[in-house]
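[1] below: sequence and its predicted model.
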Amino acid sequence: IDAYEESTVVEVQNGKLATPRFATRIGRLKAVSDIPANWDVIQMQGASPGRSIMGRGDSYQITGIVPAGEYDVVATINEASKHTRVQVGYGKTAVTSLNVPTGRVSLIATLGNSPAMRPMSWKLFRLDGGRREVASLRRHSATLVVPPGHYEAIAELDGKERRREFTVMQGSDNNVVLAMD
């Protein structure tokens, strides 16, 4: 049943009916986020502690039937993630909310004070803890959700390159407009 699985060894004797009995000790787990996330539910007790028993991509929530016990629920959005420990009781529903710390970045290239509307490229680098590329795009504008931190956006059009550094705070909207003329 969903992430719950149980098995038993049954001895079948000639001419007799074998009736295995299962005592399901299950509950329901539900986790929600304010924006779509990739989910992972990791079992912390039982036969396989540390094993991922449920996952789902790009969704506002994950829900399922699980064995009663303790779980780590992880929500990931791009490089940002948040986790919480959840206790699911027998016959109960455990509900948790995970709001991953992120900010929104709008990249806009212009020509003559209007959107460029031409084939071009963007690269977005995270500068905290060393320079890492986090996105590479081939359009004049884009909106990305990223974790808080310090970033550099580089736009290239017809051999011209423009750069801007900026800082993303939790819950912030950042408009990065680069004039390409």
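    Arrived safely, thanks for sending.

[2] and for D58, the neighbour number?
    9 (other Cβ atoms under 10 Å). Every residue, glycine included, has its C-beta placed from N, CA and C.

[3] scan the chain for its longest strand.
    Using DSSP state E to assign secondary structure, the strand with the most residues in the chain is strand 26-43.

[4] strand partners of that one, parallel vs antiparallel please.
    Here strand 26-43 is paired, per DSSP bridges, with strand 52-67 (antiparallel), strand 69-77 (antiparallel), strand 93-97 (parallel).

[5] between the next helix or strand after the second one and strand 69-77, how many degrees?
    Put plainly, it is strand 69-77. Later in the chain than strand 69-77, the nearest helix or strand by DSSP states H and E is strand 80-88. With axes from the mean of the first three to the mean of the last three Cα atoms, to 10 degrees as the basis, strand 80-88 and strand 69-77 are set at 160 degrees to each other.

[6] what is strand 80-88 packed up against?
    Applying 3 or more Cβ pairs under 8 Å, 6 or more residues apart in numbering; DSSP states H and E, we find strand 80-88 packed against strand 26-43, strand 69-77, strand 93-97.

[7] looking at these, spot the one closest to F125.
    Of all the helices and strands packed on strand 80-88, it is strand 69-77 that lies closest to F125, at 18.2 Å by Cβ to Cβ.

[8] which parts of the closest one are buried?
    69, 71, 73-77 (16 or more other Cβ atoms under 10 Å).

[9] let's have the residues you listed in CSV, adding pLDDT and distance to M180.
    Shown next, in CSV, are the buried residues of strand 69-77 (pLDDT from 0 to 100; distance: Cβ to Cβ, whole Å):
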residue, pLDDT, distance to M180
G69, 93, 56
Y71, 96, 49
V73, 98, 43
V74, 97, 39
A75, 97, 36
T76, 95, 33
I77, 91, 29
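
[10] which of the residues you listed sit farthest apart?
    The distance between the two most remote of these (Cβ to Cβ) is 26.5 Å, for G69 and I77.

[11] re earlier: any chance of the buried residues of strand 69-77 in TSV, plus distance to L127?
    Conversion of those to TSV gives the following (distance: Cβ to Cβ, whole Å):
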residue	distance to L127
G69	41
Y71	35
V73	30
V74	25
A75	25
T76	21
I77	19
